[in-house]
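S.K.: what follows is a predicted structure for the sequence shown.
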Amino acid sequence: MKPDDRDNNRNRSSSSRPSNRGGSSRRGSSRGGSSRGGSSSRDQSRQSQQRSPQQRTSNATPSRPAPKPAAASAGPVSAHTQTLTLSAWDMARTRRQLPDTPRGQVMTLRAHQRLVASFEKERKIPDPDRSVLRVKEDSKGSFLLIHGVSTRPGDLHELADVLFDSDYNVYVLRLPDYGTPGHTISEVSWESALYQAQQCFQILARGGGKVHVVGLGFGATLAMLLALKEKVSSLVLLSPAIMPRESFFQRLVVRLKLHRLGFIHSWLGWNADLMVGMDKARGKIGKIKVPIYAAQCEDDDRASPASLRFLQNKAPNKASRFQVFPEGGHAILAEHGKDVLYNQIIRFCGAAK
């Protein structure tokens, strides 16, 4: 055989072998280098391209359904709110931890005011559930108002108006998942709520003036715990929820930390976390040095009236004052705000050193 014939046979032999590049298999090879499997797959691919997208989807392996579009209230914030966020962040960053000048404090609070208002509007928060931040120059000081679990920011709006008209900056914060009327259920821990209250307090305190804290219901518990962390000028505790309407046995379970056991926590339900916060506040009242004004109704159906008596016995500051009303339930401001409480709160906090 001639060399040229051998080269031609070698080329024909190599061309008939299936290529193994790309991980292809040698199985199913036939003469001419074609493969039945390959021909079949090409036919199937051609047929699938001729099918409609719906047909291809129906024949495909079932997959997880596509997520539904997010509601408008849960979507991304607008460009306007993003700009406000960056402005507030940049203002806080450039000023570091230095106290604001009086004018700088007003600018800081108003930037925060616009940011919170824009954010809550986009989230379609109902008006009674919205935060309130009102600022004026040459104010006498500031008030931070904290609602409870079964009360909402709207329960403090009227008091905020009265305080603002008396030349105070006012901030009614909104605690997410708190404030559902008629319910005392929350998935938010009291530590998270306290941290949020502390952040709002620090915003008000940047100017260096007096900051008074008002707590309603469980908000009073948060106010007391806040006074242990920050330089609060005075505390106003309305319908204070520090003695829950639970049995002594349930309170003992929390005190002994047995609520951490799964089956006991299920038995206590939502009360467990709130009772821990109340228990912590009760044990620290003797360390709260600022004057306290506290008021409660004897027929309070949310917090035990024993809360006020406990406070009266434990509060160390001699300038503290306590007010008892025979009727009014837990809605103490709605029943006694205009007639008594608004004026007493202003006088008490105005005299606080």
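M.R.: Yep, that arrived.

S.K.: now do the domain split for this structure, please.
M.R.: According to automatic domain parsing, the chain comprises the domains 79-124, 134-351.

S.K.: where do the strands sit along the stretch 251-353 of the chain?
M.R.: Secondary structure of the stretch 251-353 of the chain, counting by DSSP state E, counting those that start in this stretch: strands at 292-297, 321-325.

S.K.: can I get the ones you listed in CSV including mean neighbour count, mean pLDDT and distance to residue 208?
M.R.: (C-beta placed from N, C-alpha, C; glycine too.) Formatted as CSV, the strands of the stretch 251-353 of the chain follow (neighbours: other Cβ atoms under 10 Å; pLDDT from 0 to 100; distance: least, Cβ to Cβ, whole Å):
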stretch, mean neighbour count, mean pLDDT, distance to residue 208
strand 292-297, 24, 97, 23
strand 321-325, 16, 96, 26
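
S.K.: residue boundaries of the helices in the stretch 151-300 of the chain?
M.R.: 157-165, 190-205, 218-227, 248-255, 262-268, 271-284 (DSSP state H, counting those that start in this stretch).

S.K.: could you say what helices and strands the first one packs with?
M.R.: So that's helix 157-165. strand 132-134, strand 142-146, strand 169-172, helix 342-351 (3 or more Cβ pairs under 8 Å, 6 or more residues apart in numbering; DSSP states H and E).

S.K.: with the last one instead?
M.R.: Identification of packing neighbours for helix 271-284 by 3+ Cβ pairs under 8 Å, 6+ apart yields helix 190-205, helix 218-227, helix 248-255.

S.K.: most tightly packed of the ones you listed?
M.R.: The highest mean neighbour count among the helices and strands packed on helix 271-284, using mean count of other Cβ atoms under 10 Å, belongs to helix 218-227: a mean of 28.

S.K.: and residue 209, how many neighbours does it have?
M.R.: Neighbourhood size, residue 209 [other Cβ atoms under 10 Å]: 17.

S.K.: which residues touch it?
M.R.: 105, 139, 140, 141, 142 (Cβ atoms under 8 Å, 6 or more residues apart in numbering).

S.K.: looking at the residues you listed, which is nearest residue 210?
M.R.: Checking those against residue 210 by Cβ to Cβ gives residue 141 as the nearest, at 3.8 Å.

S.K.: tell me who's in contact with the residue nearest to that closest one when sequence neighbours are not counted.
M.R.: Nearest residue to residue 141 in three dimensions, chain neighbours excluded: residue 210, at 3.8 Å (Cβ to Cβ, 6 or more residues apart in numbering). Counting by Cβ under 8 Å, 6+ apart, residue 210 touches 140, 141, 142, 233, 352.

S.K.: low-confidence ranges, the protein, go.
M.R.: Applying pLDDT under 70 to the chain picks out residues 1-77, 80-99, 177-188, 244-272, 353.

S.K.: repeat that for 50
M.R.: 1-4, 6-39, 41, 45, 48-49, 52-74, 179, 181-185 (pLDDT under 50).

S.K.: for it, what's the longest helix?
M.R.: Ordering each helix of the chain by length in residues (DSSP state H) puts helix 102-122 first.

S.K.: and that helix, what other elements does it pack with?
M.R.: Counting by 3+ Cβ pairs under 8 Å, 6+ apart, helix 102-122 packs on helix 79-95, strand 132-134, helix 190-205.

S.K.: at 6 Å what do you get?
M.R.: Applying 3 or more Cβ pairs under 6 Å, 6 or more residues apart in numbering; DSSP states H and E, one finds that helix 102-122 contacts helix 79-95.

S.K.: what is the neighbour count of the residue nearest to residue 307 when sequence neighbours are not counted?
M.R.: Nearest non-adjacent residue to residue 307, counting by Cβ to Cβ, 6+ apart: residue 243, 4.2 Å away. Residue 243 sits with 18 neighbouring residues when counted by other Cβ under 10 Å.

S.K.: can you tell me how far residue 243 is from residue 306?
M.R.: 5 Å (Cβ to Cβ, to the nearest Å).

S.K.: just to revisit the earlier point, let's have the helices and strands packed on helix 271-284 in JSON lines, adding distance to residue 124.
M.R.: What follows is the helices and strands packed on helix 271-284, written out as JSON lines (distance: least, Cβ to Cβ, whole Å):
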{"stretch": "helix 190-205", "distance to residue 124": "20"}
{"stretch": "helix 218-227", "distance to residue 124": "24"}
{"stretch": "helix 248-255", "distance to residue 124": "37"}
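
S.K.: which one, of those helices, ends up nearest to residue 280?
M.R.: helix 218-227 (6.7 Å).

S.K.: just the CA coordinates for the closest one, please, in CSV.
M.R.: Taking C-alpha atoms only, helix 218-227 is exported to CSV below (Å, rounded to 0.1, in the frame of the first residue of the first chain):
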residue,chain,number,x,y,z
PHE,A,218,-46.4,49.1,78.3
GLY,A,219,-44.8,52.3,77.0
ALA,A,220,-44.4,53.2,80.7
THR,A,221,-42.4,50.1,81.2
LEU,A,222,-40.2,51.0,78.2
ALA,A,223,-39.9,54.6,79.6
MET,A,224,-38.5,53.3,82.9
LEU,A,225,-36.0,51.1,81.2
LEU,A,226,-35.0,54.0,79.0
ALA,A,227,-34.3,56.1,82.1
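
S.K.: from the contact counts, what lies against it?
M.R.: Packed next to helix 218-227, using 3+ Cβ pairs under 6 Å, 6+ apart, are strand 142-146, helix 190-205, strand 211-216, strand 234-238, helix 271-284.

S.K.: let's see 10 Å
M.R.: Here helix 218-227 touches strand 142-146, helix 190-205, strand 211-216, strand 234-238, helix 271-284, strand 292-297, helix 306-314, going by 3 or more Cβ pairs under 10 Å, 6 or more residues apart in numbering; DSSP states H and E.
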